[in-house]
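Visitor: The following block contains a protein sequence and its predicted model.
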Amino acid sequence: MLKQILTMFGHRSMLILLLVINIPGTIYGFYWYWGQLQHTPPQFLIFVPDSPTASLFFVFVLIAFLWKKNWPIIEALAAVTLIKYGIWAVVMNMATGFLGGSLNWQHYMLIASHAGMALQAVIYSPYFRIKAWHLVVAAIWTLHNDFIDYFYGMHPYLSSYIMPHIDSVMIFTVSLSIFSIVSVYFLSVRKKSLKLSIDA
């Protein structure tokens, strides 16, 4: 039953639908970071918009799928960062509410959309063709991004309720990076793969 459900996501119509969802979402994500990007030193620009960069990786993966291709290095980057930043944003927004902040519709929109990001990585993991060295590259990118974020202070803007706990956020973020890398290893590197049904 589960395999039949997952097979549905390999159909051309589903890939196109997800592109229609992810492309505007990615554009909106970069727009969301616009204020921070205007105050970011040029050498750090690529490391700041975490979530939209993750969804951009996935857009490239979907396009490659429609061409009946696999792009394993981008699949690895997409998988790790979708899981990481998907979960991270959900937790940060929920933590704001838990610590006394007032959550509005934007917070709930971010929670839902980022949960969807992580879910996409899990659903499509059987379609990826990631090898160990692809995952190593993704791991280096992800952990280096953490270093830039918390050593140079380039992490996404956080609410005033969370900033006093920035050391805990840093520990959580690095731990989440490791969790995401390990998850992709077991979901994609060691699992049997499914084939796309592009003509369906």
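Guide: Perfect, I can see it now. Since the model is a prediction, treat every value here as computed from it, not as a measurement.
Visitor: what are the ranges of the strands in this protein?
Guide: Secondary structure of the chain, counting by DSSP state E: no strands present.
Visitor: ok, longest helix in it?
Guide: Counting by DSSP state H, the longest helix found in the chain is helix 72-98.
Visitor: dump the residue contacts of the residue most central in space within the chain.
Guide: The chain has Leu82 as the residue nearest its centroid, 1.8 Å off, counting by C-alpha atoms, centre = their mean. Shown in contact with Leu82 (C-beta atoms under 8 Å, 6 or more residues apart in numbering): Ala54, Ser55, Phe57, Phe58, Met117, Ala118, Gln120, Ala121. C-beta here means a position set from N, CA and C on the backbone, and glycine is covered the same way.
Visitor: check contacts around the third one.
Guide: Residues in contact with Phe57 (C-beta under 8 Å, 6+ apart) are Ile74, Leu77, Ala78, Thr81, Leu82.
Visitor: ok so, going back, and the contacts of Leu82 as a markdown table, adding pLDDT and distance to Ile21?
Guide: Conversion of the contacts of Leu82 to a markdown table gives the following (pLDDT from 0 to 100; distance: C-beta to C-beta, whole Å):
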| residue | pLDDT | distance to Ile21 |
| --- | --- | --- |
| Ala54 | 98 | 14 |
| Ser55 | 98 | 9 |
| Phe57 | 98 | 15 |
| Phe58 | 98 | 10 |
| Met117 | 97 | 11 |
| Ala118 | 97 | 15 |
| Gln120 | 96 | 9 |
| Ala121 | 97 | 14 |
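Visitor: Any of the residues you listed buried? List them.
Guide: Ala54, Ser55, Phe57, Phe58, Met117, Ala118, Gln120, Ala121 (16 or more other C-beta atoms under 10 Å).
Visitor: For the chain, name the helix or strand with the lowest mean pLDDT.
Guide: Sorting the helices and strands of the chain by mean pLDDT, DSSP states H and E puts helix 2-8 at the bottom, at a mean of 72.
Visitor: Next one: the closest residue to Leu143 other than its chain neighbours from Ser183, what distance?
Guide: Leaving aside its sequence neighbours, Leu143 sits nearest to Ser177 (C-beta to C-beta, 6 or more residues apart in numbering; 5.7 Å). Distance, Ser177 to Ser183, by C-beta to C-beta, to the nearest Å: 11 Å.
Visitor: which of the two has more neighbours?
Guide: Using other C-beta atoms under 10 Å as the criterion, Ser177 and Ser183 rank with Ser177 on top: 23 against 19.
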